[in-house]
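Q: Output the structure for:
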Amino acid sequence: MPRFGGAWPALVTPFTNCDDVNVTVLREITEHLISKDVDGFYVGGTTGEGVFMSVAERNLIAETVIEQVNERIPVILHVGALSIKDAVALAKHADQIGASGISSVVLTYYESLESLYAYYSQIAQAVPELPFLGYMFGGTVNAVSLMRKLMEIPSLVGAKYSGSNMFEFRQLVQLRQEDWTIFSGMDEQCLFAVMSGSHGNVGSTLNFMPGVYRKIRRCAEVGDYMDGMEMQNRVNAITHIMQTYGFQGALKAVMSKIGFDCGAPRLPNLPFPEEGWRTLYAELEKYDFDEMIQI
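A: Got it, this is the predicted structure:
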């Protein structure tokens with residue numbers, strides 16, 4: 001099983017004015033980010049709004065990205081769904097179209113670690129040769145205990161951990177040495193995650209400033225923590241501004257600013273009114289936004 005690594009955008013999903021997947025813009029964003037030397041794509045996760053789409057829409061997005069990438073970089077597809085039948089169908093489709101791996105978020109509703117294990121195990125068994133990663137995002141589940149249990153799944157190769165607890169994160173990194181990938185999934189913690197042994201980072205703001213995170217990773221890897229912290233603080237200021245405006249809607253507005261009309265988020269995510277875009281952009285410019293996206 002492979003080890004993944006580097007800076008990966010949690011790919012945004014563009015929609016048309018009719019709330020359909022905008023395949024043309026999706027291809028353009030994919031190609032733009034490849035030109036920025038990203039190391040891979042994580043598709044259909046929280047940022048990609050996959051859980052708010054039909055299986056057919058998620059399959060269309062997966063096919064579009066994998067065809068556009070054309071084996072230049074790895075693509076991991078998020079297949080998590082409330083219906084286990086949908087999740088298995090998405091996993092089988094991912095295998096058929098040549099995905100590099102699959103992943104699934106921890107479900108909102110579960111009874112125990114055993115119930116989560118049963119869910120994940122059924123997905124993984126449907127495509128036993130495809131690398132599988134857990135996705136720890138919020139909730140009350142203990143990530144380390146869950147991952148220890150999931151290690152019984154032969155195709156498990158690691159996890160995406162979208163939390164701020166670096167003590168817990170480090171324990172995940174140390175669970176296994178060979179063929180093991182632990183991605184950090186919280187952009188605001190990228191530097192500290194590298195210092196804690198992350199193999200890569202997957203994040204929302206890498207859709208428009210992936211180069212900054214590559215530099216943060218390099219700073220940490222060579223021990224230049226002062227420069228790394230300075231850059232982390234700059235991108236965190238941008239992230240904070242977007243959060244104050246409503247992150248998912250602000251992300252679509254920011255993508256428009258850099259030339260990609262992504263439409264509105266999929267409900268229940270709310271759009272950010274266009275009349276407020278100018279104010280958002282002015283706030284971002286206080287923190288050298290244009291410079292950040294050029295790196």
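
Q: rest of the way, CA atoms for contacts and neighbours
A: Will do.

Q: Return the distance of Tyr109 relative to Leu116.
A: 9 Å (C-alpha to C-alpha, to the nearest Å).

Q: The two: which is more packed in?
A: Using other C-alpha atoms under 10 Å as the criterion, Tyr109 and Leu116 rank with Leu116 on top: 18 against 10.

Q: So what does that one look like in phi/psi?
A: phi -70, psi -40 (degrees, to the nearest 10).

Q: State the distance from the nearest residue to it once chain neighbours are set aside to Leu82.
A: Distances taken as C-alpha to C-alpha, 6 or more residues apart in numbering place Tyr110 nearest to Leu116, at 6.5 Å, with adjacent residues excluded. Separation of Tyr110 from Leu82 (C-alpha to C-alpha): 10 Å.

Q: now swap in Tyr213 and tell me
A: Applying C-alpha to C-alpha, the value for Tyr213 to Leu82 is 32 Å.

Q: Those two: which has the busier surroundings?
A: Taking other C-alpha under 10 Å, Tyr213 and Leu82 do not tie; Tyr213 has more neighbours (28 against 13).

Q: What strand or helix carries the more buried one?
A: For Tyr213, the host element (DSSP states H and E) is helix 210-221.

Q: I'd say Phe183 and Val157 touch.
A: No - with contacts counted by C-alpha atoms under 8 Å, Phe183 stays clear of Val157, the gap being 10.9 Å.

Q: more crowded one of the two?
A: The neighbour comparison of Phe183 against Val157 (other C-alpha under 10 Å) goes to Phe183, with 31 against 24.

Q: quick one: Tyr245 and Phe272 touch, right?
A: Yes - assessed by C-alpha under 8 Å, Tyr245 is found in contact with Phe272 at 7.4 Å.

Q: Look at these two and report which has more neighbours.
A: Using other C-alpha under 10 Å as the criterion, Tyr245 and Phe272 rank with Phe272 on top: 20 against 17.

Q: how deep is the nearest residue to the more buried one once chain neighbours are set aside tucked in, by neighbour count?
A: Nearest non-adjacent residue to Phe272, counting by C-alpha to C-alpha, 6+ apart: Gly249, 4.6 Å away. Residues lying near Gly249 (other C-alpha under 10 Å) number 22.

Q: now swap in Ser35 and tell me
A: If you count neighbours by other C-alpha under 10 Å, Ser35 ends up with 9.

Q: Other residues contacting the longest helix belonging to the chain?
A: When the chain is scanned for its longest helix (criterion: DSSP state H), the result is helix 225-245. Residues outside helix 225-245 that contact it (C-alpha atoms under 8 Å, 6 or more residues apart in numbering): 187-188, 190-191, 205, 212, 215-217, 219-220, 250-251, 272, 280, 283-284, 287, 289, 292.

Q: Let's see it as PDB, backbone CA atoms only.
A: C-alpha atoms of helix 225-245 as PDB (Å, rounded to 0.1, in the frame of the first residue of the first chain):
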ATOM      1  CA  TYR A 225      10.200  27.400  12.600                       C
ATOM      2  CA  MET A 226      10.300  31.200  12.800                       C
ATOM      3  CA  ASP A 227       9.600  31.700   9.100                       C
ATOM      4  CA  GLY A 228       7.100  28.800   9.200                       C
ATOM      5  CA  MET A 229       5.200  30.500  12.100                       C
ATOM      6  CA  GLU A 230       5.200  33.800  10.300                       C
ATOM      7  CA  MET A 231       3.600  32.300   7.300                       C
ATOM      8  CA  GLN A 232       1.200  30.200   9.300                       C
ATOM      9  CA  ASN A 233       0.000  33.400  11.100                       C
ATOM     10  CA  ARG A 234      -0.600  35.100   7.800                       C
ATOM     11  CA  VAL A 235      -2.700  32.400   6.300                       C
ATOM     12  CA  ASN A 236      -4.500  32.000   9.600                       C
ATOM     13  CA  ALA A 237      -5.500  35.600   9.500                       C
ATOM     14  CA  ILE A 238      -7.100  35.000   6.000                       C
ATOM     15  CA  THR A 239      -8.800  31.900   7.300                       C
ATOM     16  CA  HIS A 240     -10.200  33.800  10.300                       C
ATOM     17  CA  ILE A 241     -11.700  36.500   8.100                       C
ATOM     18  CA  MET A 242     -13.400  33.900   5.900                       C
ATOM     19  CA  GLN A 243     -14.800  32.200   9.000                       C
ATOM     20  CA  THR A 244     -16.300  35.400  10.300                       C
ATOM     21  CA  TYR A 245     -18.200  35.800   7.000                       C
END
